[in-house]
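> 3D, please:
(chains A and B)
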Amino acid sequence: MNWSVSNLPWLPRPSTNFREQCKDIEGGRCGSKIRELAGYYLDERLGNVLARAIRRASASGVGLEGLTRIRMALLSNGTTTLTAPAIVAAGARYGLLIEVIETEFSQTFQEVFDLKSALYRAEPDVVLFAIDHRGFGLTPCPGNEAAANRTVQQALSEVVSLQSEIWANCDATTIVQTLAQTVSPLFGNYDAALPGTLQSLIAGFNRLLLGTTGHRGAVLDVATIAATVGNDPWHDTRRWHLAKLPFSLDFLPYYADHVARLLGALFGKSKKCLVLDLDNTLWGGVVGEDGLANIVLSNGNPTGEAFLDFQRAVLDLHSRGVILAVCSKNEESVAREVFQKHPEMLLKETDIAVFQANWDDKVLNLRVIAETLGLGLDALVFVDDNPAERYLVRQELPVVAVPELPDDPAQFARLILSAGYFEAVHFTAEDRKRNDQYQADRLRANLTRDAIDLESYLRSLEMTLDFRPFVSIDRQRIVQLINKTNQFNTTNRRYTGAQIQSFEEDPSVATFQVRLADRFGDSGLISVIICRKQDQDWNIDTWLMSCRVLKRKVEHAILNELVEEARRQGISALIGTYLPTSRNGLVRDLFKQFGFLKIESNAPGDTWRLEVKNFERLDVPIMKLSRLSQ
Amino acid sequence: MHETIYEKLTEIFSDVFDDDSIVVTPELTAKDVYAWDSISNVRLFVAIESVLGVQFSNSEITHLKNVGDLVTAIIRKQS
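Below you'll find the predicted structure:
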């Protein structure tokens, strides 16, 4: 799919059983289910399916926890039958249970000026005037400036009186729309300069409309919405003639999301805190593996510039009052060093209100961040390049907004700014100062390990593992892993391609490579083990694993296979050595944890022994296993 | 070819009319489906166009007599 904001690319795509899931919305705890389903990208059809399910659940009156009910009257000079359900579905995405009051087609004035109308009987919280250029009598008068001014003034006074009448007669907030620009020029380029052309009338109307809304009104900037997706495809004359649909239904999800985010902002649902992963999110590469000097973050390199662009966008959000936090699987000191020492880093430690860099679960860390800041989880947006982490957070914490990220970091900045998380209806001095307050009382809370069922999450990943002796075609990748893996690496011994080849040919050396795939894709070759035969034992010369697959019990599965292979080859024990470096603290207790006994405690490291006959296979969440023996 | 189109139409019809029991046959017309009014007809064609990758002009839509006509037109447009 091409990247286009009109497809709301920050939302995951719905699964094929979306309809069935909608039918399951019944009984208790519907609120979070509705919210989860609204978190997908929904076209007109699926939006309508969800809206119907919401209406049914709402009518039954049970268990719509976490959703705020509002009533919105929708007044338009076009057909609203398709717009209304789309707004209901999008509203749930922002924590709103919207009841849309539709009025008669093109009866805007009659509804507003009749105190007994259906509009007032419904006691709306919001009135949306979804009126386009066809609803304001903007008759072109090319070249006649006086007539052009009168035409625009007439249209504006209609808008002013509609809003004032609502404010006088009920408690509702009003929303008015700017007008999408025309794509039917009369003179061509001259239309922009000549007073009285439709283009000039629309531009004049839009400019002056912004001053009419007062403190009880807001503007939905349809002119920008349409221009962003393209005025040409926006105006779908075929559908206007057929059914008075005001714009192309291709853009209904995008339009409805804009209505919903604006309503969300009016009812306090906007997000407050942006939580950021680090590796491959704020910079290219993995700092714990590649080192400070080798992460990709610099001008002159297209990928590096993309990450800088993203950091700039994050800083812009920060300066308008969005709180920033870090949530990353990293050694804290290594992660902080990037903020302290990398010359191109735009974000500084002082910009980050809560800094959670550790090896704990991200769900726990997000809870800690919310608690530390005194915010609800629904105030968080979590940005992470790793689809498995995103999936886990969406499963466990559906109220946290978790955007999909495109593969190319070039889109990160635009994505985070377009997704509507931080929609605002005003901007005050207080907003500008907010960050300082949070930083003043920031503290690091203690993690509590509970609540999440990690085991079932791991099983849901449907991991498949392939374990076999070195294959020459993979030699290059093996050498690369051996020479750049620093964290999960028991000895940090480095080898060349020629040395690897000699291991492959040496009968006294047992080599193993491991591949991992899961439902999100193939992680490729992720682990390397080299054992040297000493008498009847295998001495584990090297055991390393890519940090992308940490915390998934992959190492458990690898040990199972290693012991199995040792047993098959008549080996009586595995000997493991831990040689400490500044970066491999992660595996300090690896052998101990797996029941190896310490047999030597020498500088620089410890030596451990595991009797093969005493080993019981570990329970691992691996769905499929393939193994090839030597 | 016919069968896959009918399969897709059945799914679209059940979404648009909120009714899983509709059997989409060549003889089916708007009169046979209670909820098939002018606005759900628009919904129907928006979904058909996006799922099957074809476009209908308004006059083509007006001249279709039944689902059989529709499927013939879809096949003609797809080829």
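> C-alpha only now, for contacts and for neighbours.
Noted.
> Can you name the helix or strand that residue A:608 falls in?
strand A:606-611 (DSSP states H and E).
> What is the next helix or strand after that strand packed up against?
As assigned by DSSP H and E, the chain's next helix or strand after strand A:606-611 is strand A:622-627. Applying 3 or more CA pairs under 8 Å, 6 or more residues apart in numbering or on different chains; DSSP states H and E, we find strand A:622-627 packed against strand A:463-468, helix A:554-568.
> hmm, try it at 7 Å
With contacts defined as 3 or more CA pairs under 7 Å, 6 or more residues apart in numbering or on different chains; DSSP states H and E, strand A:622-627 has these neighbours: strand A:463-468.
> Going by contacts, tell me the helices and strands next to the strand it packs on.
If contacts are counted by 3+ CA pairs under 7 Å, 6+ apart, strand A:463-468 sits against strand A:509-518, strand A:622-627.
> Low-confidence ranges, the chain, go.
As the question left the chain open, I've gone with chain A. Under the criterion pLDDT under 70, the flagged ranges of chain A are A:1, A:27-28, A:61-63, A:428-453, A:630.
> was after chain B, sorry
Scanning chain B for pLDDT under 70 picks out B:1.
> any idea which of the helices and strands packed on strand A:463-468 is most buried?
Stretch with highest mean neighbour count among the helices and strands packed on strand A:463-468: strand A:509-518 (a mean of 20; mean count of other CA atoms under 10 Å in any protein chain shown).
> quick one, it and strand A:463-468 angle?
Computed by axes from the mean of the first three to the mean of the last three CA atoms, to 10 degrees, the angle separating strand A:509-518 from strand A:463-468 equals 160 degrees.
> who's in contact with strand A:509-518?
Residues from elsewhere that reach strand A:509-518 (CA atoms under 7 Å, 6 or more residues apart in numbering or on different chains): A:461-470, A:503-504, A:522-533.
> and what of stretch A:380-395?
A:271-277, A:280-281, A:363, A:400-403, A:405, A:457, A:520.
> Swap in 6 Å and give it another go.
The contact list for stretch A:380-395, computed with CA atoms under 6 Å, 6 or more residues apart in numbering or on different chains, reads A:271, A:273-277, A:281, A:363, A:400-402.
> residue ranges of the helices in chain B, please?
Taking DSSP state H as the criterion, chain B carries its helices at B:2-16, B:38-52, B:58-63, B:67-78.
> In PDB, list the C-alpha atoms belonging to the last one.
It refers to helix B:67-78. The C-alpha trace of helix B:67-78 is given here as PDB (Å, rounded to 0.1, in the frame of the first residue of the first chain):
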ATOM      1  CA  VAL B  67     -27.600  -8.900  -9.700                       C
ATOM      2  CA  GLY B  68     -27.100 -11.000 -12.900                       C
ATOM      3  CA  ASP B  69     -26.800  -7.700 -14.900                       C
ATOM      4  CA  LEU B  70     -24.400  -6.400 -12.300                       C
ATOM      5  CA  VAL B  71     -22.100  -9.400 -12.400                       C
ATOM      6  CA  THR B  72     -22.100  -9.300 -16.200                       C
ATOM      7  CA  ALA B  73     -21.100  -5.700 -16.100                       C
ATOM      8  CA  ILE B  74     -18.300  -6.400 -13.500                       C
ATOM      9  CA  ILE B  75     -16.800  -9.100 -15.600                       C
ATOM     10  CA  ARG B  76     -16.900  -6.900 -18.700                       C
ATOM     11  CA  LYS B  77     -15.200  -4.100 -16.800                       C
ATOM     12  CA  GLN B  78     -12.600  -6.400 -15.300                       C
END
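> And that helix, how far out from the chain middle?
9 Å (CA atoms, centre = their mean, to the nearest Å).
> buried stuff in it?
When burial is assessed from 16 or more other CA atoms under 10 Å in any protein chain shown, helix B:67-78 yields the following buried residues: B:67-68, B:70-71, B:74.
> Closest to chain A out of those residues?
residue B:70 (17.6 Å; CA to the nearest CA).
> Spatially nearest residue to that closest one (excluding sequence neighbours)?
residue B:64 (6.2 Å; CA to CA, 6 or more residues apart in numbering or on different chains).
> Share the number of residues neighbouring the one you found, please.
For residue B:64, the neighbour count with other CA atoms under 10 Å in any protein chain shown is 15.
> on contacts alone, who are the packing partners of the helix or strand containing residue A:89?
Here residue A:89, judged by DSSP H and E, is contained in helix A:83-93. If you count contacts as 3 or more CA pairs under 6 Å, 6 or more residues apart in numbering or on different chains; DSSP states H and E, helix A:83-93 packs onto helix A:30-38, helix A:44-60, helix A:252-266.
> Need the contact partners of the second one.
Outside helix A:44-60, the residues within contact range by CA under 6 Å, 6+ apart are A:22, A:85-86, A:88-89.
> roughly how far is the helix or strand following it from the heart of the chain?
In the C-terminal direction, the helix or strand that comes right after helix A:44-60 (DSSP H and E) is strand A:68-76. On the basis of CA atoms, centre = their mean, strand A:68-76 sits 28 Å off its chain's mean C-alpha point.
> same thing with stretch A:173-187?
Distance, stretch centre to chain centre, for stretch A:173-187: 32 Å (CA atoms, centre = their mean).
> cool, stretch B:7-22 as well?
On CA atoms, centre = their mean, the centre of stretch B:7-22 falls 10 Å from the chain's centre.
> and it, which residues are buried?
For stretch B:7-22, by 16+ other CA under 10 Å, it's B:9-10, B:12-17.
> mind putting those residues in JSON lines, distance to chain A included?
What follows is the buried residues of stretch B:7-22, written out as JSON lines (distance: CA to the nearest CA, whole Å):
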{"residue": "B:9", "distance to chain A": "13"}
{"residue": "B:10", "distance to chain A": "13"}
{"residue": "B:12", "distance to chain A": "8"}
{"residue": "B:13", "distance to chain A": "10"}
{"residue": "B:14", "distance to chain A": "10"}
{"residue": "B:15", "distance to chain A": "7"}
{"residue": "B:16", "distance to chain A": "7"}
{"residue": "B:17", "distance to chain A": "10"}
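> okay if I get the residues you listed as JSON lines plus distance to residue A:369?
Compiled in JSON lines, the buried residues of stretch B:7-22 are given as follows (distance: CA to CA, whole Å):
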{"residue": "B:9", "distance to residue A:369": "48"}
{"residue": "B:10", "distance to residue A:369": "48"}
{"residue": "B:12", "distance to residue A:369": "44"}
{"residue": "B:13", "distance to residue A:369": "46"}
{"residue": "B:14", "distance to residue A:369": "44"}
{"residue": "B:15", "distance to residue A:369": "41"}
{"residue": "B:16", "distance to residue A:369": "43"}
{"residue": "B:17", "distance to residue A:369": "45"}
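> From those, pick the one nearest residue A:201.
residue B:16 (38.8 Å; CA to CA).
> how close does that closest one sit to residue A:257?
According to CA to CA, to the nearest Å, residue B:16 and residue A:257 sit 21 Å apart.
> Could you do residue A:552 as well?
For residue A:552, the distance to residue A:257 equals 36 Å [CA to CA].
> Looking at those two, which has the bigger crowd around it?
residue A:257 (24 against 19).
> The spatially closest residue to the more buried one that is not a sequence neighbour: neighbouring residues, count only.
The shortest distance from residue A:257 to any non-neighbouring residue, by CA to CA, 6+ apart, is to residue A:90 (5.3 Å). When neighbours are counted by other CA under 10 Å, residue A:90 registers 31.
> what's the answer for the one 4 residues further on, then?
If you count neighbours by other CA under 10 Å, residue A:94 ends up with 30.
> how about the helices in the stretch 151-300 of chain A?
Listed in chain order, the helices of the stretch 151-300 of chain A (DSSP state H, counting those that start in this stretch) span A:198-209, A:222-229, A:231-234, A:237-243, A:252-266, A:287-290.
> looking at those, which is closest to residue A:355?
Nearest of the helices of the stretch 151-300 of chain A (CA to CA): helix A:287-290, 16.0 Å.
> can you tell me which residues contact the residue in the stretch 501-630 of chain A that chain B sits nearest to?
Residue nearest to chain B within the stretch 501-630 of chain A: residue A:520 (25.5 Å; CA to the nearest CA). Applying CA under 6 Å, 6+ apart, we find residue A:520 in contact with no residue.
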